[in-house]
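Novice: 3D, please:
(one chain, ligands or ions: 1)
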Amino acid sequence: MRVGFIGLGAIGAPMAAHLAKQESLTVWNRTGARATEFAALHGAHAAATPRQAATEAEVVITCLPTSREVESLLDGPDGLEAGLERGALFIDCTSGDPGASRRIAQRLARRGVAFVDAPVSGGVSGAEAGTLTVMVGGDEESFARARPVLSAFGKRIEHLGPVGAGHAMKAVNNALLAVNLIAVGEALAALVKAGVLARTAVEVLNASSGRSFVSETLVPERVLTGRWPRTFRLALLDKDVRIARSFLKDAGVEGPVLELAGQLLSQARAELGETADHAEVIRLIERRAGVEIRG
Ligand code: NDP
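Specialist: The predicted structure is shown next:
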């Protein structure tokens, strides 16, 4: 099958690498050198424009920071929409916005192109291992067409509802990650300041009911070690919490915890910048508390 892939970022590149093994793949990336290097390494083609990547592709996949970039890459004479052919399937793996996805789906439907939102979870390591969870929104027929393509990098591939449902699910998941990240950081900072050994505190937490992905994986790998790899930008998590906040609002559910987590994350983003990793919010908590959670 001919597949076009747009966005070879931290998670897009390992996802596309799996696709290159099973499909005829054409990639496009804003920084062109990344696309040419990827193509040489994985036996794919590098397109000069988004339009070229979409031309003759049965499936086009986007993995960009936000829905805004997806919408703007559709535009113009060299844009994706100009290359997409009637009958093609557009899969958006961006952690995007449900409302924007509905708009994109309507726009593409007018050209006879089907759309599903299919954001992923599992991080860069999950993408490399091909074990991502994929949260899909769209109609049954489009889901059935997308599934074999998504299985190149996904393990659990779940159809959650109509267009936008995948993005809503993903935003809520990441909002819970954000709340947890901040709460675990605050709790550990206090325990360490009070004289509890950081490693012991984490071990006890992980043998008790307060444990989570943050306490079981992120803290031992990144905080206790003092290694702060950059795999998932804090700016992207901030974007996810914003989407979740407006999703709750639209659903008529009050969300004071998410509101506060969102404000704290936005402050952290302003302080740490656009390239900081999401786990570095704990570094900020450490700095403010005057303590290091190591051990
Ligand atoms: P990165 O910031 O690493 O990469 C972003 C990609 O989008 C790059 O290819 C970049 O191109 C491209 N891009 C950025 N701005 C534009 C633009 N204006 N026009 C065209 N292309 C653009 O992001 P990730 O790969 O980490 O994330 C991609 C999506 O996946 C996000 O929605 C994120 O929330 C989600 N996600 C990420 C996870 C992770 O662990 N990293 C986990 C799960 C979901 P260039 O190379 O030129 O900068």
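
Novice: How about the residues of the stretch 151-295 of the chain by the ligand?
Specialist: Contact residues, the stretch 151-295 of the chain versus the ligand (CB under 6 Å from any ligand atom): 231, 232, 233, 236. (C-beta placed from N, C-alpha, C; glycine too.)

Novice: Which members of the residues you listed are classed as buried?
Specialist: The neighbour count (16 or more other CB atoms under 10 Å) marks 232, 233, 236 as buried among these.

Novice: pretty sure residue 3 is in contact with residue 54, am I right?
Specialist: No. Assessed by CB atoms under 8 Å, residue 3 is found out of contact with residue 54, at 10.4 Å.

Novice: Of the two, give the one with the bigger neighbour count.
Specialist: residue 54 (27 against 24; other CB atoms under 10 Å).

Novice: can you tell me how far that one sits from the ligand?
Specialist: 14 Å (CB to the nearest ligand atom, to the nearest Å).

Novice: Next up, the contacts around that residue.
Specialist: Taking CB atoms under 8 Å, 6 or more residues apart in numbering, we find residue 54 in contact with 4, 60, 80, 81, 82, 83, 84, 85, 88.

Novice: How about residue 135?
Specialist: 118, 119, 120, 121, 158, 160, 165, 166, 167, 169, 170, 173.

Novice: next one: residue 281
Specialist: Contacts of residue 281 were listed using CB under 8 Å, 6+ apart, and they are 181, 182, 185, 234, 264, 265, 268, 272.

Novice: quick revisit: need the residues touching each of residue 3 and residue 54.
Specialist: Taking CB under 8 Å, 6+ apart as the criterion, residue 3 and residue 54 both touch residue 60.

Novice: Residues in contact with the helix or strand that contains residue 258: which ones?
Specialist: Using DSSP states H and E, residue 258 falls within helix 256-272. By CB under 8 Å, 6+ apart, the surrounding residues in contact with helix 256-272 are 175, 178-179, 182, 234-235, 237-238, 241-242, 244-245, 248, 276, 280-281, 283-284.

Novice: bridging residues for residue 59?
Specialist: Residues in a beta bridge with residue 59, per DSSP bridges, are residue 3, residue 89.

Novice: That one against residue 92, yeah?
Specialist: No. The pair residue 59 and residue 92 fails to qualify as a contact (CB under 8 Å) at a distance of 11.5 Å.

Novice: what about those two, which has more around it?
Specialist: Neighbour totals were compared for residue 59 and residue 92, and residue 92 leads with 28 against 22 (other CB under 10 Å).

Novice: Which stretches in the protein count as strands?
Specialist: In the chain, the strands defined using DSSP state E lie at 2-6, 24-28, 45-46, 59-62, 89-92, 114-117, 120-121, 132-137, 154-161.

Novice: what would the ones you listed look like in CSV with distance to residue 189 and mean pLDDT?
Specialist: Output for these, formatted as CSV (distance: least, CB to CB, whole Å; pLDDT from 0 to 100):
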stretch, distance to residue 189, mean pLDDT
strand 2-6, 40, 98
strand 24-28, 42, 98
strand 45-46, 46, 98
strand 59-62, 38, 99
strand 89-92, 38, 99
strand 114-117, 37, 99
strand 120-121, 27, 98
strand 132-137, 30, 99
strand 154-161, 34, 98
